[in-house]
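Engineer: dropping the sequence and predicted coords here.
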Amino acid sequence: MKKVIKKPMRLILLSLFLFVILILGILLAVSGVFQKPLYLEAWDKTYSEKFDDPRLRLAAHGLLAASGHNMQPWKVLLDENDPMVFYLYADSSRTSPEVDPYARQLMVSQGTFLEYISVAGQKLGYDVALDLFPGGPYDEQERSESMDSLPVAKITLQNGAAQETPLYEAIFLPDTNRAAYLPEKLTQAQMDELEAVSQDNGISVRILQDSENLEKLGDYAIQAGEIEAGTESVMKESEDIFRANETEKNQYRYGFSVEGQGTTGLMKHILQGLVTLFPSMNRGKAASDRFVSSIRAEVGSTPAYALIVTHDNSRESQVKSGIVYSRMILQAHRMGLVLQPLSQALEEYPRMEAVYRAIHDEYAPDGGTIQMLVRVGKTGQAAPLSMRRDVMELVKKSEMQ
Ligand SMILES: Cc1cc2nc3c(=O)[nH]c(=O)nc-3n(C[C@H](O)[C@H](O)[C@H](O)COP(=O)(O)O)c2cc1C
């Protein structure tokens, strides 16, 4: 027998439906659903072609590299006298002092930029020569002034033959994937290729995927995540660079956003609308709890870890680790693998000291420094692209101007 919905009931259902549509409309409008995502412009493969200067073209590729907290802490100075030379400086205004008090991750992030430039150089027909710290080392007592006045690298280009490289295509893929990874282990050939990305004697890459090491490294990552979640100043630092909606993402174009955890499409806008209207959803205890549960989920779906370990912890070794990390990202992507750093246990703030010591005693017992701890695996979930600034924002004015 056909069920007839009575008139008052129909009215209630219709009102409910209209109410849901209204709420959805408000959330989408607050999220900025109709705004053009300028913060994604740099990912367009033709973006670099907007610039005639090859140095800007290459910097437009460097900009797509991974950076700690997505701070994009890069400045480039174009040599006024030589159109084939430019300099990379660390941007002293883009440090994360709570989570990265010695700016180690910031220096690793210099290297990630340099490697993307080298790979783009091959494809665009330039030999790229890097000279690290050509003006001498930083004065660590005056670190900020040193960053402003001493380049991390002099980059010299030479016209060469354009070479096809599969790594070039991988530049345009999202660098970091925080989704669940499949249980599938890496093959010996994949492990060998990833371990071979460092050709420097002072930097080793180790892939670990046996159950004992997975458990140990996962435990360190969770312990460290819990410490981080309970350290208000560190959480506040991340909170301050969280961009809640399209307006904020277009305005700042660096830092974190809901895409970071893989949220896309309609759900992204609903979430953005909610965190814009109710910012407390993304602060304090709610944010800490979510952070710990995401690390637990990430650790729980990790088939392998990669460690990048340096003999010393010099600024040069930190930059070179970033070069190695970018190479690892590009090689991994070429092999259909994805990556995510889990940096908490490697951070140097006082409350992390015990975990930092423990993981170093175990995995760098000869006094080395673990520069990166990274999940590696395969996943069925694509990661969304994250924000990037306009490359012209990176250009540093020379002192003469
Ligand atoms: C030195 C360094 C440390 C990082 N640490 C973490 C981390 O602990 N957790 C994480 O999820 N991503 C980490 N990342 C990845 C960045 O958050 C990521 O590169 C940035 O948000 C930009 O996103 P994309 O890599 O997807 O383009 C790190 C990246 C670098 C270079």
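Structural biologist: Sure, I can see it. Residues are numbered from 1 along each chain as shown.
Engineer: with adjacent residues omitted, what lies nearest to residue 174?
Structural biologist: residue 383 (4.1 Å; CB to CB, 6 or more residues apart in numbering). C-beta coordinates here come from the backbone N, C-alpha and C atoms, glycine included.
Engineer: quick check: chain neighbours aside, which residue is closest to residue 35?
Structural biologist: Per CB to CB, 6+ apart, closest to residue 35 is residue 246, 4.1 Å.
Engineer: ugh, wrong one, residue 280
Structural biologist: Residue nearest to residue 280 in three dimensions, not counting chain neighbours: residue 286, with 6.7 Å by CB to CB, 6+ apart.
Engineer: next, the buried residues of stretch 273-290.
Structural biologist: For stretch 273-290, burial by neighbour count (16 or more other CB atoms under 10 Å) applies to 273, 274, 275, 276, 282, 287, 288.
Engineer: okay, who's weakest in those by pLDDT?
Structural biologist: Lowest pLDDT of the buried residues of stretch 273-290: residue 282, 86.
Engineer: regarding this structure, what is its longest helix?
Structural biologist: helix 7-31 (DSSP state H).
Engineer: re earlier: the residue nearest to residue 280: which element?
Structural biologist: If you go by DSSP states H and E, residue 286 is part of helix 284-300.
Engineer: for residue 205, same thing?
Structural biologist: Going by DSSP H and E, residue 205 is part of strand 203-208.
Engineer: neighbouring contacts of that strand?
Structural biologist: The contact list for strand 203-208 (CB atoms under 8 Å, 6 or more residues apart in numbering) reads 186, 191, 194-198, 214, 217, 304-311, 317, 320-321, 324, 328, 363, 368, 371, 376.
Engineer: show me the shaky parts of the protein.
Structural biologist: For the chain, residues meeting the criterion pLDDT under 70 lie at 1-3, 399-401.
Engineer: run the last query once more with 90
Structural biologist: The chain contains residues with pLDDT under 90 at 1-11, 199-201, 261-262, 281-283, 397-401.
Engineer: show me where the stretch 301-401 of the chain has helices.
Structural biologist: Under the criterion DSSP state H, counting those that start in this stretch, helices of the stretch 301-401 of the chain are mapped to 315-334, 353-363.
Engineer: near the ligand, which residues of the stretch 251-400 of the chain?
Structural biologist: For the stretch 251-400 of the chain, the residues in contact with the ligand (CB under 6 Å from any ligand atom) are 340, 341, 342, 343, 344, 386.
Engineer: what's the domain layout of the protein?
Structural biologist: 39-172+386-394, 188-377 (automatic domain parsing).
Engineer: what strand or helix carries the residue nearest to residue 281 when sequence neighbours are not counted?
Structural biologist: Leaving aside its sequence neighbours, residue 281 sits nearest to residue 275 (CB to CB, 6+ apart; 5.2 Å). Assessed by DSSP H and E, residue 275 sits inside helix 265-277.
Engineer: perfect, that will be all.
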